[in-house]
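Chemist: Predicted coordinates and the sequence they were generated for:
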Amino acid sequence: MADESERPRSEPEIIPPGDAQRRGKGQPRTRVFVDTRGTERVYVVRPSPLGVILITLVTALLTALLLVLLFGTFLFVAPFLILLIAAAIIVGILRVFFSAR
């Protein structure tokens, strides 16, 4: 016979095929995981149309915010890059002008 420490605490739930389709639309599906720390239940619910709309809006707002930050950074850094390039061109022209004499 198996040792007392090897026996599972509970038996797994066996769901017959097709039983998930017979459940109501709003009822959550339950997943049970058993590991060394014990049993954990995870409830999975199909999102409602309002939930999908809210998730889409939040994702769109975060994406827009990220684009505004990136565009703002570009607009802030672009004048410095233009000044750096202009300075390099002017220094190159002056170097040629003063080295020719």
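Modeler: Received, thanks.

Chemist: And residue 46, its phi and psi?
Modeler: As for residue 46, its main-chain torsions (degrees, to the nearest 10) stand at phi -70, psi 130.

Chemist: Can you list the low-confidence ranges for this protein?
Modeler: Applying pLDDT under 70 to the chain flags the ranges 1-13, 15-41, 100-101.

Chemist: Could I get the full set of strands for the protein?
Modeler: 29-35, 38-44 (DSSP state E).

Chemist: quick one, longest helix in the protein?
Modeler: helix 49-99 (DSSP state H).

Chemist: helices or strands up against that one?
Modeler: Helix 49-99 is packed against no helix or strand, with contacts defined by 3 or more Cβ pairs under 8 Å, 6 or more residues apart in numbering; DSSP states H and E. Yep, even glycine has a C-beta here, placed from its N, CA and C like the rest.

Chemist: And residue 58, how far from residue 64?
Modeler: 11 Å (Cβ to Cβ, to the nearest Å).

Chemist: how near is residue 69 to residue 76?
Modeler: Distance from residue 69 to residue 76, by Cβ to Cβ: 10 Å.

Chemist: swap in residue 56?
Modeler: 30 Å.

Chemist: ok, now residue 55?
Modeler: In terms of Cβ to Cβ, residue 55 sits 32 Å off from residue 76.

Chemist: Residue 54 now?
Modeler: For residue 54 relative to residue 76 (Cβ to Cβ), the value is 33 Å.

Chemist: The two: which has the busier surroundings?
Modeler: residue 54 (12 against 9; other Cβ atoms under 10 Å).

Chemist: got the contact list for that one?
Modeler: Shown in contact with residue 54 (Cβ atoms under 8 Å, 6 or more residues apart in numbering): no residues.

Chemist: now the one 10 residues further on
Modeler: Counting by Cβ under 8 Å, 6+ apart, residue 64 makes contact with nothing.

Chemist: Make 319 the starting number, not 1.
Modeler: Fine by me, first position is 319 from now on; the one you just mentioned is residue 382.
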